[in-house]
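Q: What shape does this take:
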Amino acid sequence: TGAPGYQPVQGFNGYAAFMLGLPSDYGKSLQAELMTTREWQHGLYVRDRWQVNEKLTFNGGLRFEMYPIMRRADRGLERLDFSTFDVLIGGRGGVPDDVDLKPRSLYVAPRLGLAYRINDSTVLRVGYGITYNPMPWSRPLRGFYPLTIAFSDSAAGFNYISTLEQGIPSIATPDLSSGRVRLPRGVDMRTPDPTNVDRADLHQWNMTLERRLPLELVGSVAYVGTRNNGGYADFNLNYAEPGTGNAGRQFFAQAGTANILHWGGWTSSKYHALQTTLNRPFKNGLLLKGAYTWSKAMNETDDDGWTSVTWNIPDQRYRNYARAGYDRTHVFQMAAVYELPFFKESTNPVGWVLKDWQVNGIFSAFSGTPFSIGGNNPTLLAPGAGFVSINQNGDAKRLGRPGPDEKFLDPSVFSQPSGLQWGNSGRNAFRGPSVWNLDFSAFRNIRIGRYRGELRAQASNVLNHSRWGNPNTNFNSPTFMQIFTVDTPRTVQLGLRFQF
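A: You can find the predicted model right below:
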């Protein structure tokens, strides 16, 4: 029904289908060929440094990179020919090894840097560089058809697809000698786009002002930015338009309900940050390292290579670009190492016990991570097209403290989409609770002649503070918006070290 607290009956339907011997879907995977990959990556880097005068220094570099197309141990790659739905086998039957993939043959990546000493205590640094995605194709392209035959099918609605007595249809192992093999119906396939397999270019730039401060401190303020164009990802082209069901999938006649994953350099991402640091080198028994970052990370997928977008259907693809799943607006960390100065030269028993101690601590505080809330719309009937999100009908105000006893966000502002709605809340539209943590340790150095011993006591999360995760996002659950996930409690380690 979509009402809060309603428990869907899919589990009961599945159990009944099993008892009747009438499954609604089935799947099977067969490794038909040993998965092998062979690829080379070549790089050459040249750089120079030019000190213009005592205040100004330039750095420049140029990197040349080549990424020949990956091969199998005894042949080339595979690619789906959409005009015939044949899988082309590189190096067999006259098919070229590269199956007509045309990536860039040479990548040129410049790097530039500038350092200007404003005065004896202040330095300005500026940098810009381009890098290219070095990810081996062996990861995303190592094992789809015909190496692995992942076969599946499902029935529409509450119908059944087969019987337990009939079982799953047998899978034929293909003959690759002709260089062309028809993709069997119901078998998943990842296929590279011949016109869009160039490696992503990653632009990085920064400007940093660093200054020496009193008390042996060094502080810096920096703006850092990155932009990634052309990250590798999949679009599932075998999606259905809303209201058409499985029969409306784009390649239902050829592929059934299988995933036809069109792989290429589709995605983009951006990162902008204000980064500050405050450091003190170890001197007179004290070291400090502190940093604060205020940032925003946007992307279409959190991963690269073996990853899929959230929405495949063209009119919803703009929604893929949203807050990254790892985005944390605020991150603060401060670490300290301090050698206690007491009783350094003492020889009495009390002084011997209390001297030569070192204490260390790391304090961290950071924003929570984004999350999405899924919805349920049985009337949409758009399998493979993308994610159905919850409808948000007002401001999702925070109600209580993180934990299992209170609702984190107001559940009354959410509702299930209906009709041909996808749901109006976006990918990673909400953010979990912020977290802080303190780690602490104490070391005691013991010198006995030329030997040295060390006692160690270390505690992670020394205050045993609850670090809550994100809430339950199952709208149909009675615990919707309550938080049950919690990070590791206090952990204490004791150690003894002896040097001789």
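Q: my guess is residue 77 meets residue 95, correct?
A: No. In terms of CB atoms under 8 Å, residue 77 does not count as a neighbour of residue 95; the distance is 9.9 Å. All C-beta atoms are positioned from the backbone trio N, CA, C, and that covers glycine.
Q: For residue 494, give me its contacts.
A: Contacts were defined as CB atoms under 8 Å, 6 or more residues apart in numbering; by that measure residue 494 touches 456-458.
Q: ok, now how distant is it from residue 443?
A: Counting by CB to CB, to the nearest Å, the gap from residue 494 to residue 443 is 12 Å.
Q: Between those two, which contacts overlap?
A: Shared contacts of residue 494 and residue 443, counting by CB under 8 Å, 6+ apart, come down to 456-457.
Q: List only buried entries from the contacts of residue 494.
A: Neighbour-count burial (16 or more other CB atoms under 10 Å) is assigned, among the contacts of residue 494, to residue 458.
Q: the helices in the chain, which residues?
A: In order along the chain, the chain carries the following helices (DSSP state H): 10-20, 252-255, 349-354.
Q: buried sites along stretch 23-31?
A: 23-24, 26.
Q: what would those look like in TSV with distance to residue 154?
A: Conversion of these to TSV gives the following (distance: CB to CB, whole Å):
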residue	distance to residue 154
23	9
24	6
26	8
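Q: Out of those, which comes closest to residue 376?
A: When the buried residues of stretch 23-31 are compared for distance to residue 376 (CB to CB), residue 24 wins out at 16.9 Å.
Q: Does the closest one touch residue 161 like I think?
A: Yes. Here residue 24 reaches residue 161: they are 6.0 Å apart, a contact under CB under 8 Å.
Q: which intervals of the stretch 201-350 of the chain have sub-threshold pLDDT?
A: Low-confidence regions of the stretch 201-350 of the chain, defined by pLDDT under 70, are absent; no residue qualifies.
Q: In contact with the spatially closest residue to residue 222 that is not a sequence neighbour, which residues?
A: Counting by CB to CB, 6 or more residues apart in numbering, residue 208 is the residue found nearest to residue 222 once chain neighbours are left out, at 3.9 Å. Under the criterion of CB under 8 Å, 6+ apart, the contact list for residue 208 reads 124-126, 220-222.
Q: how about 6 Å then?
A: Shown here is residue 208, whose contacts under the criterion CB atoms under 6 Å, 6 or more residues apart in numbering are 125, 220, 222.
Q: Kindly provide the distance from it to residue 417.
A: For residue 208, the distance to residue 417 under the criterion CB to CB works out to 47 Å.
Q: Now find how far off-centre the lengthiest strand in the chain is within its chain.
A: Under DSSP state E, the strand in the chain containing the largest number of residues is strand 260-283. Using CA atoms, centre = their mean, to the nearest Å, the distance from the centre of strand 260-283 to the centre of the chain it belongs to is 12 Å.
Q: could you say what helices and strands that strand packs with?
A: Strand 260-283 makes packing contacts with strand 189-192, strand 218-236, strand 286-299 when contacts are defined by 3 or more CB pairs under 6 Å, 6 or more residues apart in numbering; DSSP states H and E.
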